[in-house]
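Colleague: Sequence plus the predicted model coming up.
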Amino acid sequence: MIIREILTIKGGDIFSIEPDQLVSEAVNLMVQQDVGSLVVRQDGTMVGLITERDVLRGLNERGCALIAVKVSDMMMTEPIIGSPDDTVDYVRGVMTENRISHLPVMDGDTLLGVISFHDVARACLNAADFENNLLKRYIKHWPE
């Protein structure tokens, strides 16, 4: 399975925020949309990514004084990105090795979406279930 297929299954929703908006607004949007990351866009172009982990790091560094902090002060400005033609196995390795939970998927300069480690795990489980069913069918029809 390739990442393009995961994006098709997941749908095309990309939740984003401007770099000048407050972290409190980012947290509110993540909670409302039940997502763990937001693309940070300026004039329609991705300039970064802010994740739950970035918010936790900010809380650790600044205490609970995040109300007036801008997203641009906490976002990753050069997140690791994936290609729509990357395989699930490759992306799983990249995400695990770099300890990231969200991966923007770019086709050239076009942002296609963001996949989470949960999306990758679900795709791996579905592939394993499919293979398991094929093997069971093969064994059931084994010639005597």
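Modeller: Nice, thanks for sending it over.
Colleague: Quick one: the strands in this protein, in order.
Modeller: Secondary structure of the chain by DSSP state E: the strands cover 16-17, 37-42, 45-51, 102-107, 110-116.
Colleague: Could you export those as TSV, including mean neighbour count and mean pLDDT?
Modeller: From N, CA and C alone the C-beta is placed, and that goes for glycine too. Supplementary listing: these in TSV, determined by neighbours: other CB atoms under 10 Å; pLDDT from 0 to 100:
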stretch	mean neighbour count	mean pLDDT
strand 16-17	20	96
strand 37-42	21	96
strand 45-51	20	95
strand 102-107	20	94
strand 110-116	20	93
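Colleague: would JSON lines of those with distance to residue 140 be doable?
Modeller: Formatted as JSON lines, the entries for the strands of the chain read as follows, by distance: least, CB to CB, whole Å:
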{"stretch": "strand 16-17", "distance to residue 140": "49"}
{"stretch": "strand 37-42", "distance to residue 140": "43"}
{"stretch": "strand 45-51", "distance to residue 140": "45"}
{"stretch": "strand 102-107", "distance to residue 140": "38"}
{"stretch": "strand 110-116", "distance to residue 140": "35"}
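Colleague: Let me know which of these is the nearest to residue 88.
Modeller: Taking CB to CB, strand 110-116 is the member of the strands of the chain nearest to residue 88, at 9.4 Å.
Colleague: Quick check: neighbours of that closest one in the sheet, parallel or antiparallel?
Modeller: Applying DSSP bridges, strand 110-116 is found paired with strand 102-107 (antiparallel).
Colleague: and the angle for the strand it pairs with with strand 45-51?
Modeller: Taking axes from the mean of the first three to the mean of the last three CA atoms, to 10 degrees, strand 102-107 and strand 45-51 form an angle of 160 degrees between their directions.
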